[in-house]
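Trainee: have a look at this prediction, sequence included:
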Amino acid sequence: MTDTKEAPLIRLAGVGKNYGNVIALRDVTLQASAGEVTCVLGDNGAGKSTLIKVVAGLHRHDTGTYEVEGEEVAFGSPRDALDRGIATVYQDLAVVPLMPVWRNFFLGSEKRKGIGRMDVEFMRTTTHGEMAAMGIDLRDVNQPIGTLSGGERQCVAIARAVYFGAKALVLDEPTAALGVKQAGVVLRYIVQARERGLAVVFITHNPHHAYPVGDRFLILNRGQSIGYHTKDEITRDELTALMAGGSELEELAHELDAAGSETTAGRLAKEAKDLGLTDD
Amino acid sequence: MTQTVAEPPPAAGAAPDERLARQSPLRRLLGRPELGALLGAVALFVFFSIVADAFLQTGSFSTVLYASSTFGIMAVGVSLLMIGGEFDLSAGVMVTSAALIAALTAYQLTLNVWAGVVISLVLTLALGMVNGILYVKTKLPSFIITLATFFMLAGLNLGVTKALTGNVASDSVRDMDGFDTARSIFASDVDVLGVNVKITVFWWLLFVAVATWLLLRTRVGNWIFAAGGSADSARAVGVPVARVKIGLFMGVAFCAWFSGMHLVFAFATVQSGEGVGNEFLYIICAVIGGCLLSGGYGSAIGAAIGAFIFGMTNKGIVYAEWNPDWFRFFLGAMLLIATVVNLIVRRRVERSS
């Protein structure tokens, strides 16, 4: 972590990825340093998933360079990325709903004492401790993880990655399926991870989730970067506008504004009319 | 919804978190996969004790245990496989195959029966491995794969036996070398306080204990639950799912081998057509014992209780002097009741916690 000042943990420069003749990602530049949250924003189909898969080692990039701590890499599998300290938490979280929290926490990396025997006590207390350290007070680490709320589950998956030595966390739409409160829990957790000195890459399509926690923002559209800004360069509104494709959102806002100033009946009538007109 | 607001009713227990205090031992028990089976077993026990006078005699109870153990041993392997998310429909005939392999090789080659026992172990494990590898390579449902191997094995059992002996049963191995020592391991009686108990009962209890330890206290057990609960997630965190599943199919094969050896040394000859249909009885034991058909949940102890229920019904009907033709009807009814009870209990626990 000492040389992170000179070289960011993750740096992509001019990275592109093709699937056959489909260009999924073109000329994307991004960097994530320790203690920073880099947000990747984009609508559906903007290339966020492809970008993650490149970072996580699921796919190899076709053009550009991918550097980890200043060293150029080309990952062959997610394992390679993990070995370099880049952990990815996918939307499905890779948890087994029917299994207790602690079993999920250590799944695949069970702590053992002797041949095959697991150190159950250690794993239980560690799970509880790690979750508590991140501000999640679990009632019972023995409860099936499926009984936790979506946000808590998300946090277990993140805490697991952190515990097993991740230096960089890639979070794939962690707040997408969550309610307002739950999303807040996850966002707080992202801040916690940043405070712990991790580099966080936070993929989302919600600028209201990205703006409060992010240090840098990469906005993707149709596989291309349409903006890469640090927080002081951009306001929340600009970010929202940029992400929604700017003009389209403005148009929508005008419609809504106009509708809001009329009576209910008039609004409904206009809405009905607009539905036919606005879709050109 | 939020983790900070502890819901008012079920608060905490004594141990790790104060919010756990109100989880009573009863609720903890209600959350166990074995509960439905345990309730069923107690109810049946009381029922048969009332309707069948002979049921409570130690001799008959030992018979009940013996019947339970012959199915219980297989139910150990089958329940682990089910927790791992798969079925093995070939388990029933595989028992017969294992027995035939031992009896036929020993007799035809005039070997010590122990040689037959070892050859059978190797070949039966190989059968399990074939099931597992076919499943892993083709990714077809294990239901289809093992249905195919079920028919193939059933055909082989009959065909090979007839070709070698000209008969549908294997020749008796009773007078061959090693029969007595093998019988003492696989099919002897043990005297417990004046009651004759079949040795399979003790093997059964041992297998259940080992399987339970494996499931709850070892890394492999963690992997079995994960492979059945969500194979993709397990793979994503580095669990060797393919190896776990192949191992589980081989575990069933091992149990089939053991049960087969019991057949050989209890009866000396093996009927080649036997075993068809038993695979469903093993699955019933596991399901009554709380294993989910979809995998990822269950216990070996539950399956043992399921086998015990099976044994009680099987023999209880005889002791009650009813027509044994009704046995299957009761078995089906029990399966239905047990699974419904399981379902209700689990839903209630989930709602209240």
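Mentor: Yep, that arrived. Residues are numbered from 1 along each chain as shown, chains lettered A, B, ... in the order given.
Trainee: nearest residue to the middle of chain B?
Mentor: residue B:75 (0.3 Å; Cα atoms, centre = their mean).
Trainee: got the confidence number for the nearest residue to it once chain neighbours are set aside?
Mentor: Of all residues not flanking residue B:75 in the chain, residue B:285 sits nearest, at 3.8 Å (Cβ to Cβ, 6 or more residues apart in numbering or on different chains). In this view, the C-beta of every residue, glycine as well, is placed from N, C-alpha and C. For residue B:285, the pLDDT comes out at 90.
Trainee: what's the next secondary structure element after the host helix or strand of residue B:285?
Mentor: Using DSSP states H and E, residue B:285 sits in helix B:278-288. Counting by DSSP H and E, the next helix or strand C-terminal to helix B:278-288 is helix B:300-319.
Trainee: for that next one, what is the distance to the chain centroid?
Mentor: Computed by Cα atoms, centre = their mean, to the nearest Å, the chain-centroid distance of helix B:300-319 equals 12 Å.
Trainee: re the thing from before, tally of neighbours for the residue nearest to residue B:75?
Mentor: Residues lying near residue B:285 (other Cβ atoms under 10 Å in any protein chain shown) number 30.
Trainee: one step back: which helices and strands does the helix holding residue B:285 pack with?
Mentor: Using 3 or more Cβ pairs under 8 Å, 6 or more residues apart in numbering or on different chains; DSSP states H and E, the elements in contact with helix B:278-288 are helix B:35-51, helix B:58-83, helix B:91-108, helix B:300-319, helix B:327-352.
Trainee: tabulate those (TSV), appending distance to residue A:114.
Mentor: What follows is these, written out as TSV (distance: least, Cβ to Cβ, whole Å):
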stretch	distance to residue A:114
helix B:35-51	32
helix B:58-83	21
helix B:91-108	32
helix B:300-319	21
helix B:327-352	34
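Trainee: okay, these in TSV with mean pLDDT next?
Mentor: Below are these laid out as TSV (pLDDT from 0 to 100):
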stretch	mean pLDDT
helix B:35-51	85
helix B:58-83	92
helix B:91-108	93
helix B:300-319	90
helix B:327-352	73
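Trainee: of all those, which lies closest to residue A:226?
Mentor: Nearest to residue A:226, of all the helices and strands packed on helix B:278-288, is helix B:327-352, at 45.9 Å by Cβ to Cβ.
Trainee: for residue 106, give me its contacts.
Mentor: No chain specified, so I'll use chain A. Residue A:106 is in contact with A:118, A:123, A:126-127, B:222, counting by Cβ atoms under 8 Å, 6 or more residues apart in numbering or on different chains.
Trainee: my question was about chain B
Mentor: Residue B:106 touches B:112-113, B:115-117, B:173, B:176, counting by Cβ under 8 Å, 6+ apart.
Trainee: repeat the analysis, applying 7 Å as the threshold.
Mentor: Residue B:106 is in contact with B:113, B:115-116, B:173, B:176, counting by Cβ atoms under 7 Å, 6 or more residues apart in numbering or on different chains.
Trainee: measure it to residue B:113 for me?
Mentor: When distance is defined by Cβ to Cβ, to the nearest Å, residue B:106 is 5 Å away from residue B:113.
Trainee: what residues does chain A put near chain B?
Mentor: Contacts of chain A with chain B, taken as Cβ under 7 Å from any Cβ of the partner chain, map to A:92, A:94-99, A:103, A:107-110, A:112, A:116-118, A:120, A:128, A:136-137, A:139-140, A:149, A:152, A:181.
Trainee: return the subset of those lying in helices.
Mentor: Under the assignment DSSP state H, the residues of chain A next to chain B contribute A:103, A:120, A:128, A:152, A:181 to helices.
Trainee: between residue B:106 and residue B:113, which contacts overlap?
Mentor: Residues touching both residue B:106 and residue B:113 (Cβ under 7 Å, 6+ apart): B:173, B:176.
Trainee: pLDDT value on residue A:217, please?
Mentor: For residue A:217, pLDDT reads 89.
Trainee: element containing it, please.
Mentor: Of the helices and strands defined by DSSP H and E, residue A:217 is found in strand A:216-221.
Trainee: following the host helix or strand of residue A:41, which helix or strand comes up?
Mentor: Assigned by DSSP H and E, residue A:41 belongs to strand A:36-42. As assigned by DSSP H and E, the chain's next helix or strand after strand A:36-42 is helix A:48-56.
Trainee: who touches that next one?
Mentor: Helix A:48-56 is contacted by residues A:10, A:15, A:17, A:24-25, A:28, A:40, A:42, A:59, A:61, A:66, A:78, A:81, A:86, A:88, A:170, A:172, A:201, A:203, A:220 when judged by Cβ under 7 Å, 6+ apart.
Trainee: try stretch B:254-265
Mentor: B:70, B:73-74, B:76-77, B:91, B:94-96, B:98-99, B:102-103, B:117, B:120-121, B:124-125, B:173, B:179, B:182-183, B:186-187, B:200, B:203, B:270.
Trainee: same deal with stretch B:218-237?
Mentor: A:92, A:94-99, A:103, A:107-108, A:110, A:112, A:116-118, B:80, B:83-85, B:214-215, B:239, B:241, B:244-245, B:248, B:295-296.
Trainee: check stretch A:67-79 too.
Mentor: Outside stretch A:67-79, the residues that reach it (Cβ under 7 Å, 6+ apart) are A:3, A:6-7, A:9-11, A:56-58, A:60, A:65-66, A:81, A:84, A:86, A:88.
Trainee: same deal with stretch B:286-294?
Mentor: Contact with stretch B:286-294 is made by B:33-34, B:36-37, B:40, B:75, B:78-79, B:82-83, B:297-299, B:302-306, B:309, B:334-335, B:338-339, B:342, as judged by Cβ under 7 Å, 6+ apart.
Trainee: check the offset of that stretch from the chain's centre.
Mentor: Averaged C-alpha coordinates place stretch B:286-294 at 11 Å from its chain's average position (Cα atoms, centre = their mean).
Trainee: report how many residues lie close to residue 224.
Mentor: Chain wasn't specified; assuming chain A. Count around residue A:224 with other Cβ under 10 Å applied: 16.
Trainee: not what I meant, chain B
Mentor: If we define neighbours as other Cβ under 10 Å, then residue B:224 has 29 of them.
Trainee: just the element for it, please.
Mentor: Taking DSSP H and E as the definition, residue B:224 sits inside helix B:219-229.
Trainee: residue A:12 now?
Mentor: Taking DSSP H and E as the criterion, residue A:12 maps to strand A:10-19.
Trainee: how big is the angle separating whichever helix or strand comes after that strand from helix A:48-56?
Mentor: Downstream of strand A:10-19, the next assigned helix or strand under DSSP H and E is strand A:22-32. Strand A:22-32 runs at 60 degrees relative to helix A:48-56, counting by axes from the mean of the first three to the mean of the last three Cα atoms, to 10 degrees.
Trainee: what does strand A:22-32 contact?
Mentor: Under the contact criterion Cβ under 7 Å, 6+ apart, strand A:22-32 has outside partners A:8-18, A:38, A:47, A:50-51, A:168, A:199, A:201, A:218, A:223-225, A:228.
Trainee: would you map the strands across the stretch 101-250 of chain B?
Mentor: B:189-192, B:195-198 (DSSP state E, counting those that start in this stretch).
Trainee: ranking the ones you listed by burial, who's on top?
Mentor: Of the strands of the stretch 101-250 of chain B, the one with the most neighbours on average (mean count of other Cβ atoms under 10 Å in any protein chain shown) is strand B:195-198, at a mean of 17.
Trainee: ok, and what's touching that strand?
Mentor: Contacts for strand B:195-198 (Cβ under 7 Å, 6+ apart): B:58-59, B:62, B:65-66, B:69, B:189-190.
Trainee: then stretch A:233-244?
Mentor: Applying Cβ under 7 Å, 6+ apart, the external contacts of stretch A:233-244 come out as A:41, A:207, A:211, A:217, A:219, A:226-227, A:249.
Trainee: off-centre distance for it?
Mentor: Its chain's C-alpha centre and that of stretch A:233-244 lie 18 Å apart, by Cα atoms, centre = their mean.
Trainee: kind regards, and thank you for your time.
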